[in-house]
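**Q** Everything below, folded, please.
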Amino acid sequence: MTFELLPYTYNRWIANDPNGQTSPQTWSDNLRHGWGWDNDHFPVNQLAHPYSGNLYFNSARANGYDFWSSSPFALAGSVLWEYFGEAQRPSINDLINTTFGGITLGETLFRLSNLILDRHTTGVTRVVREIGAAIVNPPLALTRLMDGDIGRVEPNPVNRVPSRLASEFNLGYQRVSQGIAESPLTTPTEPVGVPRETKDLQGIRRLANLGSSYVLALQCDDAGRQHLRSLKTASL
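**A** The predicted structure is shown next:
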């Protein structure tokens, strides 16, 4: 709840965001009207929402839950925020990005924070490691603070160092032309990033509106088949 209340407090009383001015009436409207689709900017949908989901996920992970049992916390946190944290209609793309993006980012940051935090160390080295782990994984730092574990010398988790390491690097470019962004839940008119003269590429018209993270892949080539293959790779 801490990581729900902090952004809610900021949006409502500090930033005076209209979407943060919730009330029993907005909660009732959200519950009655159901889910829609929003066209928020890329940093909001593709960065802020996954990071929020990561906070929900790691709140459970830091308290001893494993990967699978922590995953529903990202979903529950997103549902709670969409219905009661904002005055606007709940967004299905926000739910997807917060849940799946939060799980993916959350597990990555959980493992990284455990690598940074060496529980055998003391002194300045330990202070630096505690601060570094707190920056990477705030829920873990908060849990350790509340449990009195900050600075305590104790055994490291058995699986702290992974048995295998892997890396992946992707490179691409984006070409954007004028168009009208539409919800994939409705009939699109002009897909973002697809030139108006390529109206015959009907197969990718609806896909082009799925989200900014997928548009990058859709714009890598002029052939519809190439677009679809790039979309699959990007979604993984």
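**Q** Name the residues of the longest helix seen in the chain that are buried.
**A** Criterion DSSP state H: the longest helix present in the chain is helix 67-84. Buried positions in helix 67-84, judged by neighbour count with 16 or more other C-beta atoms under 10 Å: 70-71, 73-75, 77-78, 81-84. C-beta: built from backbone N, CA, C; applies to glycine.
**Q** Pull the distance from it to the chain's centre.
**A** From the chain centre to the centre of helix 67-84 is a distance of 11 Å (C-alpha atoms, centre = their mean, to the nearest Å).
**Q** for the closest residue to W27 other than its chain neighbours, what are its contacts?
**A** In space, W27 comes closest to F84 once its chain neighbours are excluded; the distance is 5.5 Å by C-beta to C-beta, 6 or more residues apart in numbering. F84 makes contact with 22, 27, 30, according to C-beta atoms under 8 Å, 6 or more residues apart in numbering.
**Q** Find me the pLDDT at the most centrally placed residue in the chain, would you?
**A** For the chain, P50 is the residue whose C-alpha lies nearest the centre (C-alpha atoms, centre = their mean; 0.6 Å). The per-residue pLDDT reported for P50 equals 97.
**Q** now P43: how far from G106?
**A** 19 Å (C-beta to C-beta, to the nearest Å).
**Q** Looking at these two, which is more packed in?
**A** Neighbours around P43 and G106, counted as other C-beta atoms under 10 Å, are more numerous at G106. The numbers are 28 against 10.
**Q** In which helix or strand does that one reside?
**A** helix 102-116 (DSSP states H and E).
**Q** mean confidence score for that helix?
**A** Here the average pLDDT along helix 102-116 is 96.
**Q** Quick check: what element follows that helix along the chain?
**A** Downstream of helix 102-116, the first helix or strand assigned by DSSP H and E is helix 123-136.
**Q** What's the PyMOL line that selects buried ones from the contacts of F84?
**A** Per 16+ other C-beta under 10 Å, the buried members of the contacts of F84 correspond to this PyMOL selection:
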select buried, resi 22+30
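**Q** can the contacts of F84 go into a markdown table with extra columns for distance to N170, pLDDT and secondary structure?
**A** As requested, the contacts of F84 are exported to a markdown table (distance: C-beta to C-beta, whole Å; pLDDT from 0 to 100; DSSP: H, G, I helix; E, B strand; the rest coil):
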| residue | distance to N170 | pLDDT | secondary structure |
| --- | --- | --- | --- |
| T22 | 39 | 96 | coil |
| W27 | 41 | 96 | helix |
| N30 | 37 | 95 | helix |
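**Q** could you dump the contacts of F84 to a markdown table with distance to I116?
**A** Formatted as a markdown table, these follow (distance: C-beta to C-beta, whole Å):
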| residue | distance to I116 |
| --- | --- |
| T22 | 37 |
| W27 | 40 |
| N30 | 39 |
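**Q** which residues touch the nearest residue to Q88 once chain neighbours are set aside?
**A** Nearest non-adjacent residue to Q88, counting by C-beta to C-beta, 6+ apart: N19, 5.1 Å away. Going by C-beta under 8 Å, 6+ apart, N19 touches 11, 86-88.
**Q** Relative to A141, how far out is the residue of the chain most remote from its centre?
**A** Going by C-alpha atoms, centre = their mean, the residue of the chain most distant from its centre is G123, 34.9 Å out. Note on G123: its distance to A141, by C-beta to C-beta, is 19 Å.
**Q** ok, now G34?
**A** Counting by C-beta to C-beta - G34 and A141 are separated by 37 Å.
**Q** what do you get for L165?
**A** Computed as C-beta to C-beta, the L165 to A141 distance reads 25 Å.
**Q** higher neighbour count, those two?
**A** Neighbour count, other C-beta under 10 Å: between L165 and A141, A141 has more, with 20 against 6.
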